[in-house]
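Asker: here is a sequence with its predicted model. Questions after.
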Amino acid sequence: MPVLPKLYVKLHYCGEFQKLTFLRSLSSLSQSLPYDETTESFIHSHIADIVRILNVLVQEEPLHSLFSPVRQEVFVTIADLSYQDVHLLFGSEDRADLFSLITKSVITLPAVRNLSQLQEVMPSGPYNSECLYRQTFQAFSEMLQSLVVKDPHLENLDTIFQHMDSWLQSAKDHERERATASMAQVLKCLSRHLSLKLPLRFQRLGHLVALMALLCGDPLKEVASEAAEGTHYLLHITLRLKYITHDKKNHQSLKRAFKKCRELLELYNIKQFYSYPFKIAQIFEVFLNSNELCQFVMTTLDGLENLKHPCTQQSAGELLITLVKNAESRFEKVPEIMGVICARLSIISQPRVRQQVINTVSLFISRPKYTDIVLNHLLCHPVPYDRHLAELWRTLEVELPSMTWILWRLLRKLQKCHNVPPQEKMVYVAVAATDALYEVFMGNRLRAATFRLFPQLLMTLLVQIHHSIGLTMSDVTIPSGLYTEQAMSSEITPLRFAMQATKTLLLRTLCWQEFNIMEKNKGWNLLEEKDSHLQGVFLLASALLERNQLLAHKVMYLLVPLLNRGNDKHKLTCAGFFVEVRPDVHHFSMTLFGASIKSVKYTDKKNIESQVLESLVPLLLYSQDDNEAVAEGKRCKGKINILAQTLMYTKNAKLPIRRAAVLFIGLLSKYMDHSELRMKGTAWIKADLRGLLHDPEPSLRIIASQTLFRIQKVETEPEPEQTVCWLRKLMGCLHT
């Protein structure tokens with residue numbers, strides 16, 4: 001049986017002396033490798049056995065005490081073999097496990113003070129614990145350096161960093177200090193012996209830079225000092241790396257980057273790295289590519305989770321805002337970045353850091369390249385937004401041009417949802433965008449843009465109200481997994497979000513009088529009901545015309561295209577504004593109607609008959625307007641569609657028009673074809689008339705009662721006699 005396998009079997013029975021003898025013999029053998037082929041052959045053929053033996057030796061050492069130099073000798077042996085190109089820590093899975101084990105065995109040792117106290121309780125023989133620790137840690141550090149001296153490629157740095165990563169982020173001060181000191185020494189050694197040849201496979205530069213930058217702001221002075229020194233050497237490595245790998249076509253951009261770096265380095269020294277960690281972001285940003293920038297941001301965001309050390313959160317906030325501000329539009333994976341930011345907001349307790357993180361979102365969303373990406377992500381959260389996302393919407397900080405752009409893009413997302421076919425469910429983005437607008441209005445940070453886009457915002461929200469009437473969240477297409485299994489409150493409806501956004505819009509744009517008019521006349525209640533929605537729109541339009549004609553005219557200017565191209569809800573909401581125009585407009589329109597009919601040639605009259613029918617009822621009813629100019633403008637077959645048009649005007653806000661509509665229905669029912677009316681049914685007419693029996697105006701209640709009686713008689717009485725009157729003559733002109 002070969003020697004090493006036998007030793008492996010008996011290893012558990014060996015004492016400290018035998019273990020040290022074996023390790024020192026192995027180190028001695030390594031010295032003769034360049035000269036003795038037999039030794040070289042022996043070592044290379046037994047690497048797997050050596051790795052297994054070293055693994056056992058380290059495992060047998062206690063993790064919470066240091067009474068033996070065995071660990072130290074293991075590190076010395078590995079270093080000696082590394083210098084002879086025998087790598088026991090790189091390559092196979094067993095070697096990686098050994099690397100992980102020996103790293104843990106050193107980093108997790110108790111703090112030096114605790115080791116000294118332990119020695120007082122448990123004497124460790126001839127060794128002084130503090131002295132033994134320093135020798136062991138020095139041997140560990142030199143072992144790591146040996147891994148990059150003989151083979152100074154970035155691939156080895158990548159491997160070392162993978163094993164040190166978690167310890168660099170340890171919550172225990174002494175573990176973090178040891179890991180940082182070890183990493184700083186590795187970077188120092190590598191910067192002196194670096195050998196760069198393509199292809200280079202260092203994939204985590206952004207992560208390493210961010211981690212070292214966070215450590216530069218560590219509350220423990222020793223950690224910050226070691227990190228600052230390590231960052232200095234990392235910068236030298238990065239400069240050489242980027243010079244080798246840069247695209248020859250972008251040589252000028254590299255020159256600019258080097259110039260900027262040189263200028264910054266003239267301003268800063270190493271000590272300032274840990275006094276002002278955000279300066280690291282300024283210097284390294286120019287050399288990081290898009291993927292490395294993303295790594296930097298993600299690592300920095302992880303630093304926000306450090307609740308034990310508030311100063312680490314502060315450093316993370318400074319690094320984040322500095323990098324995003326300087327890197328401008330060179331980022332990838334922005335949705336992932338937004339996802340992490342939204343997840344971290346709930347754990348950031350420091351107001352200044354919270355604002356820095358929100359300002360980072362503001363920077364992303366204000367750049368046209370990322371605006372829609374950020375909006376799409378933010379609109380994929382449950383509504384109503386939790387207090388953290390609500391704060392984000394309310395405290396966005398952007399310049400005026402970007403402010404208008406952001407609000408416009410949010411508005412457009414809501415407008416596009418209104419083009420969904422009516423038979424389909426409401427798109428979730430419509431509800432989310434409405435709630436987002438409400439939060440933006442509440443925060444009032446985009447006030448100037450809100451004033452600028454007021455007409456578009458108001459009309460879009462009114463259309464959203466119209467779309468939302470009668471809907472619950474079950475009528476909305478909600479993305480899967482967005483809500484937990486917990487039942488959603490019935491009070492959460494699309495209409496609720498649309499109403500609160502509309503009210504807040506009026507208040508934030510100083511439309512207080514219009515708001516009060518809606519409050520006093522129960523206009524909000526009218527808007528919320530299907531049967532009275534148009535009356536609510538009429539009331540709001542009247543208030544705007546009365547109190548703020550300039551805004552009202554801007555709104556109406558925007559409505560004209562919707563009258564032609566919009567869907568039914570667009571047209572109805574728009575009509576609410578145009579119905580409430582001034583009396584002189586009514587007068588002019590009625591005069592124009594009569595003149596246009598007279599100007600039509602006889603041969604074309606047939607073609608416009610349907611258009612005349614659609615316009616006839618409004619013309620007749622507005623002839624009863626209490627404004628004489630309007631009434632005089634009119635003096636110029638009772639079909640079902642005319643009756644239906646007339647019924648719409650029984651809900652008009654103006655009493656004279658409601659009264660004229662009811663009178664007209666009564667007269668129409670008296671002279672129209674009763675058999676046709678009975679065939680179509682009268683229930684729909686009676687339902688509307690019964691609603692008028694509760695009108696606050698007594699005279700209208702009386703007329704409505706009389707008209708209802710006439711409609712009811714139609715079902716039982718025979719056809720009326722031929723009576724000649726102005727209405728009968730009018731109806732006789734129409735074909736049945």
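Answerer: Received, thanks. Numbers count the residues shown, from 1 in each chain.

Asker: just the CA trace of stretch 421-434, in CSV.
Answerer: Extracted C-alpha coordinates of stretch 421-434, given in CSV (Å, rounded to 0.1, in the frame of the first residue of the first chain):
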residue,chain,number,x,y,z
PRO,A,421,-62.6,46.6,-26.6
PRO,A,422,-65.6,47.1,-24.2
GLN,A,423,-66.3,43.4,-23.9
GLU,A,424,-62.9,42.7,-22.5
LYS,A,425,-61.8,43.2,-18.9
MET,A,426,-60.1,46.4,-17.8
VAL,A,427,-56.3,46.3,-18.1
TYR,A,428,-54.5,46.3,-14.7
VAL,A,429,-52.2,49.1,-15.9
ALA,A,430,-55.2,51.4,-16.1
VAL,A,431,-55.9,51.0,-12.4
ALA,A,432,-52.2,51.1,-11.4
ALA,A,433,-51.5,54.2,-13.5
THR,A,434,-54.6,56.0,-12.0
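
Asker: tell me the span between the first and last residue of stretch 81-97.
Answerer: In stretch 81-97, first residue to last residue: 18 Å (C-alpha to C-alpha, to the nearest Å).

Asker: go through it and flag the buried ones.
Answerer: 81, 82, 84, 86, 87, 88, 89, 95 (16 or more other C-beta atoms under 10 Å). No exception for glycine: its C-beta is placed from N, CA and C like everyone else's.

Asker: could these be laid out in JSON lines, adding secondary structure?
Answerer: What follows is those, written out as JSON lines (DSSP: H, G, I helix; E, B strand; the rest coil):
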{"residue": "81", "secondary structure": "helix"}
{"residue": "82", "secondary structure": "helix"}
{"residue": "84", "secondary structure": "coil"}
{"residue": "86", "secondary structure": "coil"}
{"residue": "87", "secondary structure": "coil"}
{"residue": "88", "secondary structure": "coil"}
{"residue": "89", "secondary structure": "coil"}
{"residue": "95", "secondary structure": "helix"}
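
Asker: what's the nearest residue to residue 504 if we skip its chain neighbours?
Answerer: The shortest distance from residue 504 to any non-neighbouring residue, by C-beta to C-beta, 6 or more residues apart in numbering, is to residue 441 (4.2 Å).

Asker: just residue 222 next, same as before
Answerer: Counting by C-beta to C-beta, 6+ apart, residue 222 lies nearest to residue 177, which is 5.3 Å off, once chain neighbours are set aside.

Asker: ok, the one you found touching residue 220?
Answerer: Yes. Using C-beta atoms under 8 Å, residue 177 makes contact with residue 220 at a distance of 6.2 Å.

Asker: neighbour count for these two, which is higher?
Answerer: residue 177 (23 against 17; other C-beta atoms under 10 Å).

Asker: can I get the buried residues of stretch 81-97 in TSV with pLDDT and distance to residue 195?
Answerer: Shown next, in TSV, are the buried residues of stretch 81-97 (pLDDT from 0 to 100; distance: C-beta to C-beta, whole Å):
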residue	pLDDT	distance to residue 195
81	87	20
82	87	15
84	83	18
86	82	19
87	83	16
88	86	21
89	86	19
95	90	22
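
Asker: so which of these comes closest to residue 168?
Answerer: Taking C-beta to C-beta as the measure, residue 168 lies nearest residue 89 of these, at 18.2 Å.

Asker: need the contact list for that closest one.
Answerer: If you count contacts by C-beta atoms under 8 Å, 6 or more residues apart in numbering, residue 89 has them with 78, 82, 95, 96, 98, 99, 147, 159.

Asker: mind listing what the residue nearest to residue 222 touches?
Answerer: 220, 222, 223, 226.

Asker: give me that answer again for 7 Å
Answerer: 220, 222, 223 (C-beta atoms under 7 Å, 6 or more residues apart in numbering).

Asker: burial check on residue 234, number of neighbours?
Answerer: By other C-beta under 10 Å, 26 other residues sit near residue 234.

Asker: in a helix, it, correct?
Answerer: Yes. Residue assignment for residue 234, taken from three-state DSSP, places it within a helix.

Asker: hmm, it is touching residue 187, no?
Answerer: Yes. If you go by C-beta atoms under 7 Å, residue 234 and residue 187 touch, sitting 5.2 Å apart.

Asker: what is the neighbour count of the closest residue to residue 256 other than its chain neighbours?
Answerer: Excluding its sequence neighbours, the residue lying closest to residue 256 (C-beta to C-beta, 6+ apart) is residue 286, at 7.8 Å. Neighbours of residue 286 under the rule other C-beta under 10 Å: 18.

Asker: model confidence at residue 286, what's the number?
Answerer: At residue 286, the model reports a pLDDT of 81.

Asker: so where's the stretch 301-450 of the chain uncertain?
Answerer: 307 (pLDDT under 70).

Asker: for it, which segments count as strands?
Answerer: Taking DSSP state E, counting those that start in this stretch to define them, one finds strands in the stretch 301-450 of the chain at 426-427.

Asker: any weak-confidence spans in the stretch 451-600 of the chain?
Answerer: Looking at the stretch 451-600 of the chain by pLDDT under 70, you get 484-488, 552-553, 556-600.

Asker: those helices in it, which residues are they?
Answerer: Ranges of helices in the stretch 451-600 of the chain, per DSSP state H, counting those that start in this stretch, are 454-468, 494-508, 512-520, 523-528, 533-547, 549-565, 568-579, 583-599.

Asker: rewinding a little: now, the contacts of residue 89 that are in helices?
Answerer: Those of the contacts of residue 89 mapping onto helices are 78, 82, 95, 96, 98, 99, 147, 159, per DSSP state H.

Asker: which one is the third one nearest to, not counting chain neighbours?
Answerer: Across the structure, with C-beta to C-beta, 6+ apart as the measure, the residue nearest residue 95 apart from its sequence neighbours is residue 89 (5.3 Å).
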